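Undergrad: The following comprises the amino acid sequence and a computationally predicted model.
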Amino acid sequence: MRILVLNSGSSSIKFKLFSMQDSKVLASGLIEQIGEEQGRASLKGGAGVKLEREGKIADHGDGLSLMLAMLSEAALINRLDELDGIGHRVVHGGEAFHEPTVIDADVMAAIEKLSPLAPLHNPANLAGIRVVVEKDPELPQVAVFDTAFHQSIPKYAYLYALPYQLYEQEHVRRYGFHGTSHHYVAKAAAAYLEKSSESLNMITLHLGNGASACAIRAGESVDTSMGLTPLEGLIMGTRSGDIDPAILFYLAREKGISIDGLDALLNKQSGLKGICGSNDMREITDRAQEGDERSLLALEMVSHRLKKYIGAYTAVLGRVDVIVFTGGIGENAASLREESCAGLEEGLGIEIDPEKNRMRKSGVFTISTESSRVKVLVVPTDEELEIALQTVMAISAAHR
Ligand code: AMP
């Protein structure tokens, strides 16, 4: 069974082709700068296959044709109908979608209706879906939503204390994101520990350029740090995470910054970049080791914020069995993992073993001590594989 996973952005399409019998990646690639003067495309396949293309890629349709041509040159597939299905990452599913959903005209209309909640992402995701419908209307397509895993969060946790009609009429509430990743690493952690997901309470920390924490009780998300949009919560590469919302009124009044200016300030100029000028954790760690004060400060701020969320979600869950670190930073930045759990030994029973933490390993590994009440794990995330698995499940459920 062959499943193609597509993650369509406004000017790019990331793709991964899976053989589902053995969950093996047959090829992965990226179509970039769609719509610009000079587009680029690349594909990596098994046995050292590497293809690269340059030239104008007019739109998403052109991009997908190019992807197919490259997959054909790599002797993988020649036509879309050789696939068993396509799984699309769709960022915002609002309250309409709790699970992966086979796409039809109604689902496409619903994704479009949700676009005001994710103006950069949903229209791009939809463009990818539409192009496939045009090319092969019979091919099963599944939408896998970033928000779906968090639909189990109880109302008292997802509502903001704003006038209730803003929820009823404008759908203002916490939705949460990175759901596919939180779900995947939680299942992988349970499998590694040889326990059922239902028997475990976990805090999963997805720390990449975007970052979010999730409290998971018996396999279900019960709280998460991102909100209506992916801006709330942890300190991220260029996003502020939690701030006092009154800072915005203050800056608008005192400095005359426009709404678009404030949006850019919080989403693009803040976070690690705002504090120390870089959003690359490798660079920041190196600079901190050389004694750069701002880089040190940025690291202290990030681990302090993480610590606060670990504490808060411990209280929400009542008992925590497992903490998972994942994402580019969570999987690699050992010192940040250590700092964010430092001082939690006695109170919360979280004890990192510095040696295990600094050992670089592939796959899932434990970084807590034998005596730690809470197991702390590093679990590499694989959102594309999770999308492929959920696509297979949704297609087989639809055929039942
Ligand atoms: P992601 O969005 O999950 O791809 O993660 C991107 C972040 O992971 C960036 O801040 C990178 O600097 C960081 N990252 C990637 N590899 C490493 C590494 N080996 N050590 C520290 N940070 C890393």
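TA: Great, that's in hand.

Undergrad: use CA for all of it now, contacts and neighbours both
TA: Noted.

Undergrad: which ones are touching residue 66?
TA: With contact set as CA atoms under 8 Å, 6 or more residues apart in numbering, residue 66 has these partners: residue 41.

Undergrad: Which secondary structure element is home to it?
TA: helix 60-73 (DSSP states H and E).

Undergrad: counting contacts, what elements does whatever helix or strand comes next after that helix pack onto?
TA: Toward the C-terminus, helix 60-73 is succeeded by strand 85-90 as the next helix or strand (DSSP H and E). Identification of packing neighbours for strand 85-90 by 3 or more CA pairs under 8 Å, 6 or more residues apart in numbering; DSSP states H and E yields strand 2-8, helix 122-135, strand 141-145, helix 383-399.

Undergrad: Swap in 7 Å and give it another go.
TA: In terms of contacts (3 or more CA pairs under 7 Å, 6 or more residues apart in numbering; DSSP states H and E), strand 85-90 is packed against strand 2-8, strand 141-145, helix 383-399.

Undergrad: bridging residues for residue 30?
TA: Residue 30 forms beta bridges with residue 14, residue 42, as assigned by DSSP bridges.

Undergrad: Return the residues in contact with it.
TA: The contact partners of residue 30, by CA atoms under 7 Å, 6 or more residues apart in numbering, come to 13, 14, 15, 41, 42, 43.

Undergrad: Closest to the ligand out of those?
TA: Ranked by distance to the ligand (CA to the nearest ligand atom), the contacts of residue 30 are led by residue 14 at 13.3 Å.

Undergrad: give the contact list for the closest one.
TA: Contacts of residue 14 by CA under 7 Å, 6+ apart are 6, 7, 8, 29, 30, 31.

Undergrad: Let's have the helices and strands packed on strand 85-90 in CSV, adding mean pLDDT.
TA: Converted to CSV, the helices and strands packed on strand 85-90 look like this (pLDDT from 0 to 100):
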stretch, mean pLDDT
strand 2-8, 94
strand 141-145, 97
helix 383-399, 94
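
Undergrad: now the helix holding residue 66 against strand 2-8, angle please.
TA: On the basis of axes from the mean of the first three to the mean of the last three CA atoms, to 10 degrees, helix 60-73 is oriented at 140 degrees to strand 2-8.

Undergrad: Let me see the mean pLDDT of helix 60-73.
TA: In this model, helix 60-73 has a mean pLDDT of 92.

Undergrad: contacting residues for residue 46?
TA: Counting by CA under 7 Å, 6+ apart, residue 46 touches 26, 27.

Undergrad: Show the model's pLDDT score for it.
TA: Looking at residue 46, the pLDDT reads 84.

Undergrad: what's the first-to-last distance across stretch 5-16?
TA: One end of stretch 5-16 sits 5 Å from the other (CA to CA, to the nearest Å).

Undergrad: All further residue positions should be reported with the first residue as 24.
TA: In the new count, where the first residue is 24, that last one comes out as stretch 28-39.

Undergrad: Show me which residues of it are buried.
TA: Neighbour counts over stretch 28-39 (16 or more other CA atoms under 10 Å) mark 28, 29, 30, 31, 32, 33, 34, 35, 36, 37, 38, 39 as buried.

Undergrad: then the helix holding residue 89 to CSV, C-alphas only?
TA: What follows is helix 83-96, C-alpha atoms only, in CSV (Å, rounded to 0.1, in the frame of the first residue of the first chain):
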residue,chain,number,x,y,z
HIS,A,83,0.4,24.3,-6.9
GLY,A,84,-0.9,22.4,-9.9
ASP,A,85,2.4,22.9,-11.6
GLY,A,86,4.2,21.9,-8.4
LEU,A,87,2.4,18.6,-8.2
SER,A,88,3.0,17.8,-11.9
LEU,A,89,6.7,18.4,-11.2
MET,A,90,6.6,16.2,-8.1
LEU,A,91,5.0,13.4,-10.2
ALA,A,92,7.6,13.8,-12.9
MET,A,93,10.3,13.4,-10.3
LEU,A,94,8.7,10.4,-8.7
SER,A,95,8.4,8.8,-12.1
GLU,A,96,12.1,9.5,-12.9
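
Undergrad: so how far is residue 231 from the closest residue in space to residue 141 that isn't next to it in sequence?
TA: Sequence neighbours aside, residue 115 is the residue nearest to residue 141 in space, at 6.2 Å (criterion: CA to CA, 6 or more residues apart in numbering). To residue 231, residue 115 is 19 Å away according to CA to CA.
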